[in-house]
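Quick one, what's the 3D model for this:
(one chain, ligands or ions: 2)
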Amino acid sequence: MEQQIETGSRKLLRRLRDSLAEDSAGQARLDHVTNIISEEMQSEVCSIYLFLDSDTLELCASKGLKKDAVHKTRMRLGEGLVGRVARDGIVVNEADAPSAKGFRFMPETGEEMFSSFCGVPIQRLGDRLGVLVVQSREARAFSEDEVYALEVVAMVLAEMTELGAFVGEGEALRALHTRPMQFHGQIGQEGVAEGHVYLHEPRVVVTNPVADDPEKEIERLREGVDRLRVSVDDMLESVGKDAVDKDHVEVLEAYRLFANSRSWMKRMEDDIAAGLSAEAAVEKEQSTARRRLGRSPDAYLRERLQDLDDLSNRLLRILTGQGGDPAAVPDDAVLVARNIGPAELLDYGRGRLNGIVLEQGSVGSHAAIIARAWVIPLIVHAGRDITLEALNGDHIMIDGDQGLVHLRPDESVITAFRDKAAMRAKAQERYADLRELPAESRDGIQVSLQMNAGLIAELPSLKGSGAEGVGLFRTELQFLARSSMPQRAELAGIYSRVLDSADGKRVVFRTLDIGSDKMLPYMKREDEPNPALGWRAIRVALDRTGVMRMQLQALIRAANGRPLTIMFPFIAQLEEFTAARQHVLDEIERERKLGHALPEKLEIGAMLETPSLAFAPRKLFEVADFISIGGNDLKQFFFAADRENERVRKRYDTLNVSYLSFIEHITRRCDETGTPVSFCGEDAGRPVDAMCFAAMGLRSLSMRPASIGPVKHLLRRVDLSEAREVIDRARESGDQSVRGHVMEWLQTVGT
Ligand code: PEP
Ligand code: MG
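Numbering: from 1, shown residues only. Ligands and ions are numbered 1, 2, ... in the order given. Next up, the predicted model:
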């Protein structure tokens, strides 16, 4: 019997393939296909439903149902049995369909005489394309073998749809990947960019879903899997050398497990025996696994799905010879990826990408930090389907100010977008004119504007932006974008180049700030219930002093007699600061004994990122050479709202009365001891927020370079004491935030 089904199935697939070779229009081919399937499956009815839009299916061809119903009968996702197959991506097999739960009678189709119903989803790698249905008069459930054969057929139909075999007149038969689409994500980095899509992991196109010679295909599959195993073993071996990263090894072990899985292999061999080509068999299993595990509430299973998915992609690239070729990145590339790590992103190199769109990712991720360093727009959380929808070379526009991505935009969008880009460029020119002018308010208050950085590549912005110095140099990027701990000499070289490029301007080096979302791949760590409140930053440094001391030595050597400014992250109490500071003094002493040049001037500061530090003993403010408010962390702890969780983060305005009062409290405490204070969180780069901080007493702000122009522009146009009066009145008003009052006032002063 099995043999019979296999042969039958192969014959059916061969006939489908031959229909692909015929020179016929989409509708004619679709009609022909339903005839073939109904004949070979010996069912009175065979129908194909395709998506009209993401929510609606349309009957596009049928053998057995009334012809008038074709392109008329529609159902919403989840509606009736067909809608259920499409929504849940499952097979529905009913002997007595009219009495099945959810059945919806469609009188125009004449289906009342058919009892049994079997519907299977037509999908490709999670991309829902439609539903294939067979029906018959006789009230019988379709056998397992028949359902399996239908699934194989649906796989081939999916490939045919992807290849454009059914493109014809009418919306439901439109070509895939041609419609203009818009995606709304979160802003990782502002700015606008236009260009052509470059997929980090290009979609593999299967041009030969059906194969005649199963033995040859099985051989190809086995060879492919062998090569896959070797590559996984190689990867394991290479991480094995400095295997401190438990998670990475675990993932590779899972890869190895899948690559050696007999049942995975067996299923794919069965698919090939049924008539599929090796690559179509891999895709079929990949789609099935996605469907099953994608619905699983179990996080562990979902992670395994991701592993299997990655592995299947690798195997598909091996079998088809299609793969990412960094040399093929177009000049105006906009990178589109599901997610990307800092090392992979750095591989593309600065200046090669116009923008980045990620399906996942987060605003605080390191990909985001790099995009900011490269000053290219970045959208994260752009939506689940952009990597399924976009094709290499598609026209794409990113509006990083609004978090919008226009894929294959139409003329009206293109015009509006280009107008906006031109206006933006004009504004940038205006800001450039301010470069050499001080950030001085109308009433003569000067605010020092500095820039945040984390890569040497950003240092040229120091000149271009008009920043007075680097108020925050995040040192973790050099640690994160590599697979092993950097050496002291290497770090000293990097820091020295940073100081060279700063050309005498002050650079505040923040010592390694890891933990929470920033994990070093080569440093052992334990799972923590809440990493943002866990073992991070200075806590790690004081427990594992080796790395901190090595970094301090590198900084002292890089300074080589020049002034040196060091700042410690995440200080929550006085003792942490005094202990960290003592390490600096010890290392200075050590370097002195070694006869190395000592910094001409040394400043050691503390980042205020936890509310506790604002209430620290006076001694903290006396001992610290300066305080820098890390507003990103401070705000999340002040409001107890995760900085990476968009759902809660946005509820709390920076200009909230309580938060502004807290900032005022910090400036007052610093004033009492004459301790310089600055603010280096992202909010300092938002002109209105920055202006309010200045009005509350902050005289030094550090931000991304692109924000310096806009912030200076606003500061130069306002009277800060008047702004303070507006804020004070607003604080009395009982409103939660002063923003509305400030914006109203700004209108009247004509900024
Ligand atoms: C901050 O928390 O505001 C800050 C500047 O540090 P990071 O964003 O690197 O945590
Ligand atoms: Mg921080």
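
mind listing what's buried in stretch 406-413?
Under the neighbour-count criterion of 16 or more other Cβ atoms under 10 Å, stretch 406-413 has 406-409, 413 buried. To be clear about C-beta, it is placed using only N, CA and C from the backbone, and glycine gets the same treatment.

Give me the lowest-pLDDT entry from those.
In terms of pLDDT, the lowest of those is residue 413, showing 92.

ok, now which ones touch that one?
Residues near residue 413 by Cβ atoms under 8 Å, 6 or more residues apart in numbering: 180, 397, 406.

for the first one, what are its contacts?
In this case it means residue 180. Residue 180 neighbours (Cβ under 8 Å, 6+ apart): 406-410, 413.

Restricted to helices, list these.
residue 413 (DSSP state H).

so which of the contacts of residue 180 also contact ligand 1?
The subset of the contacts of residue 180 within reach of ligand 1, by Cβ under 6 Å from any ligand atom, is empty.

Distance check, residue 447 against residue 489.
38 Å (Cβ to Cβ, to the nearest Å).

and those two? which has more neighbours close in?
residue 447 (23 against 10; other Cβ atoms under 10 Å).

Tell me the residues of the stretch 551-700 of the chain that contact ligand 1?
609, 630-633, 680-681.

Out of those residues, the closest to residue 101 would be?
residue 632 (50.6 Å; Cβ to Cβ).

Model confidence score at the closest one, please.
93.

Identify the spatial nearest neighbour of it, chain neighbours not counted.
residue 681 (4.4 Å; Cβ to Cβ, 6 or more residues apart in numbering).

again, but for residue 95
residue 141 (4.3 Å).

do residue 699 as well
residue 447 (5.6 Å).

how near is the one you found to ligand 1?
Computed with Cβ to the nearest ligand atom, to the nearest Å, the distance linking residue 447 and ligand 1 is 18 Å.

which residues touch that residue?
By Cβ under 8 Å, 6+ apart, the residues touching residue 447 are 439-441, 694, 698-701, 715.

let's see it at 7 Å
439, 694, 699-701, 715 (Cβ atoms under 7 Å, 6 or more residues apart in numbering).

Report the central residue of the chain.
Centroid check for the chain by Cα atoms, centre = their mean gives residue 361 as the closest residue, at 2.6 Å.

now it, nearest residue through space, not along the chain?
residue 380 (3.8 Å).

quick one, phi/psi of the one you found?
phi -110, psi 160 (degrees, to the nearest 10).

cool, and residue 59?
phi -70, psi 120.

any idea of the pLDDT on it?
pLDDT at residue 59 comes out at 96.

and the residue lying closest to it once chain neighbours are set aside, what is it in contact with?
Of all residues beyond its chain neighbours, the one nearest residue 59 is residue 73 (4.1 Å), with distances taken as Cβ to Cβ, 6+ apart. Listed by Cβ under 7 Å, 6+ apart, the contact set of residue 73 reads 59, 106, 108-109.

so who does the closest residue to residue 320 other than its chain neighbours touch?
Spatial nearest neighbour of residue 320, excluding adjacent residues (Cβ to Cβ, 6+ apart): residue 204 at 5.3 Å. Residues in contact with residue 204 (Cβ under 7 Å, 6+ apart) are 316-317, 320, 322.

quick one: least confident of the residues you listed?
Out of the contacts of residue 204, that is residue 322, at 79.

In this structure the residue nearest to residue 632 contacts residue 631, no?
Yes: between residue 681 and residue 631 there is a contact under Cβ atoms under 7 Å: 2.4 Å.

Do me a favour and average the pLDDT over whatever helix or strand residue 664 lives in.
Per DSSP states H and E: residue 664 is located in helix 657-673. For helix 657-673, mean pLDDT is 97.

Residues in contact with it: which ones?
Contact with helix 657-673 is made by 608, 614, 618, 621-622, 627, 629, 635, 638, 677, 692-693, 696-698, 727, 731, 736-738, as judged by Cβ under 7 Å, 6+ apart.

From ligand 1, how far out is the residue lying closest to residue 568 once chain neighbours are set aside?
In this structure, residue 568 finds its nearest non-sequential neighbour in residue 580, 4.6 Å apart by Cβ to Cβ, 6+ apart. Counting by Cβ to the nearest ligand atom, the gap from residue 580 to ligand 1 is 16 Å.

same deal with residue 134?
57 Å.

What residues does the residue of the stretch 101-250 of the chain found nearest ligand 1 make contact with?
Across the stretch 101-250 of the chain, the shortest distance to ligand 1 (Cβ to the nearest ligand atom) belongs to residue 188, at 13.3 Å. Neighbour list for residue 188: 361, 363, 368, 371, 378-380 [criterion: Cβ under 7 Å, 6+ apart].

Tell me the secondary structure of the closest residue in space to residue 91 that isn't next to it in sequence, please.
Of all residues not flanking residue 91 in the chain, residue 120 sits nearest, at 5.0 Å (Cβ to Cβ, 6+ apart). Secondary structure assignment for residue 120 (DSSP: H, G, I helix; E, B strand; the rest coil): strand.

so residue 120 sits right up against residue 130, yeah?
No: if you go by Cβ under 7 Å, residue 120 and residue 130 don't touch, sitting 10.1 Å apart.

Can I take it that residue 130 is in a helix?
No: assigned with three-state DSSP, residue 130 falls outside any helix and is strand.

so how far is residue 50 from it?
4 Å.

the more surrounded of the two?
More crowded of residue 130 and residue 50, by other Cβ under 10 Å: residue 130, with 26 against 23.

Residue 113: neighbouring residues, count only.
Residue 113: 11 neighbours (other Cβ under 10 Å).

now do residue 120
26.

Please check which residues sit opposite it as beta-bridge partners.
residue 132 (DSSP bridges).

What residues does it make contact with?
85, 91, 132, 150-151, 154.

mind listing which of those residues are in helices?
85, 150-151, 154.

closest to ligand 2 among those?
The shortest gap between ligand 2 and any of the ones in helices among the contacts of residue 120 belongs to residue 85, at 48.6 Å (Cβ to the ion).

Before I go, just wanted to say thanks for your time.
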